[in-house]
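Asks: Return atomic coordinates for the entry below.
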Amino acid sequence: MQGEAAPRPYVGSNDGHDIMEMLDYRLEIGYAISMFLSRSDRDKLLELLFQRAFRYSEVPTFKLTSGKMSSFYIDCKKVSLDPEGAFLIGEQIFDRIKSLPVEGVGGMTLGADPIATAVSLISFLKNKPIPAFIVRKEPKGHGSGQQVEGALQPNGKLVVVEDVVTTGGSTVRTIEALRKEGYSVLKVIALIDRKEGGAERIAAEGIGFEALYTIDDFMRLVRFQKK
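Replies: As a prediction, the model looks like this:
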């Protein structure tokens, strides 16, 4: 039994004008799509972080973990838990570690958890699967009492991920916890470096550090918005 014939598109009385409007509209849509695709994934991720995760005030109103007051606050979970954000984060970090002999990617819960999962998923899609792991803030008070969770090889070589690095204190605690259980850390990668001594503190541990962005990238966008 044959299906019904597809309906013919309606053309109004002003055929030429309507067709030109339709073509103009399609050109505009095509241009918008091409502009979006032409932007690098790094730029797209920066835009997401700036729009959804970054908060700024002329007067320091945000209290940090250290107790210090700051003019800006960055909640990366608003992006790392977003489908597009997770994809972009996973791609960007995987590209930076794919050449390393890495056997696991993760960090201190909670900020690192969605980042590690995103990288692990992308690694599988790229045919180089890297398991994710989680470092508890404290060892479990029951069962095995372990602090590191994940299907890792003993004495594995790991990459630590962070959402935001400020002084580097939590990152160093992560490194210490991993070393205590026999793992070695190849590198630390953060989404954002606040440039408040964290990079230097991590380097003092003999570990390379890289951030996708620094606070300078965000302040540049703040200044641009004010123009």
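
Asks: Run through the residues that contact the most centrally placed residue in the chain.
Replies: With distances taken as C-alpha atoms, centre = their mean, residue 89 lies nearest the centre of the chain, 3.3 Å away. Going by C-beta atoms under 8 Å, 6 or more residues apart in numbering, residue 89 touches 45, 79, 80, 115, 118, 119, 191. C-betas here are computed from N, CA, C, even on glycine.

Asks: For the last one, list the residues it contacts.
Replies: Taking C-beta under 8 Å, 6+ apart as the criterion, residue 191 is in contact with 49, 76, 80, 89, 115, 162, 163, 164, 211, 212, 213.

Asks: From what I see, the fifth one and residue 160 are in contact.
Replies: No - using C-beta atoms under 8 Å, residue 115 is not in contact with residue 160, being 10.2 Å away.

Asks: and the residue lying closest to residue 209 once chain neighbours are set aside, how many residues sit next to it?
Replies: Leaving aside its chain neighbours, residue 209 sits nearest to residue 202 (4.4 Å; criterion: C-beta to C-beta, 6 or more residues apart in numbering). As a burial measure, residue 202 scores 25 neighbours (other C-beta atoms under 10 Å).

Asks: Can you tell me how far residue 202 is from residue 74?
Replies: 18 Å (C-beta to C-beta, to the nearest Å).

Asks: cool, and residue 113?
Replies: Noted for residue 113: a distance of 17 Å to residue 74, by C-beta to C-beta.

Asks: Over to the nearest residue to residue 72 once chain neighbours are set aside: give its phi and psi.
Replies: Leaving aside its sequence neighbours, residue 72 sits nearest to residue 56 (C-beta to C-beta, 6+ apart; 4.7 Å). The phi/psi pair for residue 56 (degrees, to the nearest 10) reads phi -130, psi 140.

Asks: Report the residue spans of this protein with pLDDT below the cut-off.
Replies: The chain contains residues with pLDDT under 70 at 1-38.

Asks: list the buried ones in stretch 181-192?
Replies: Within stretch 181-192, the residues scored as buried using 16 or more other C-beta atoms under 10 Å are 183, 185, 186, 187, 188, 189, 190, 191, 192.

Asks: Mind listing the strands whichever helix or strand the last one is part of pairs with, and their directions?
Replies: So that's residue 192. Element membership for residue 192, per DSSP states H and E: strand 184-193. Here strand 184-193 has these sheet partners by DSSP bridges: strand 157-165 (parallel), strand 208-214 (parallel).

Asks: Check which element follows the last one along the chain.
Replies: So that's strand 208-214. For strand 208-214, the succeeding helix or strand toward the C-terminus, using DSSP H and E, is helix 215-226.
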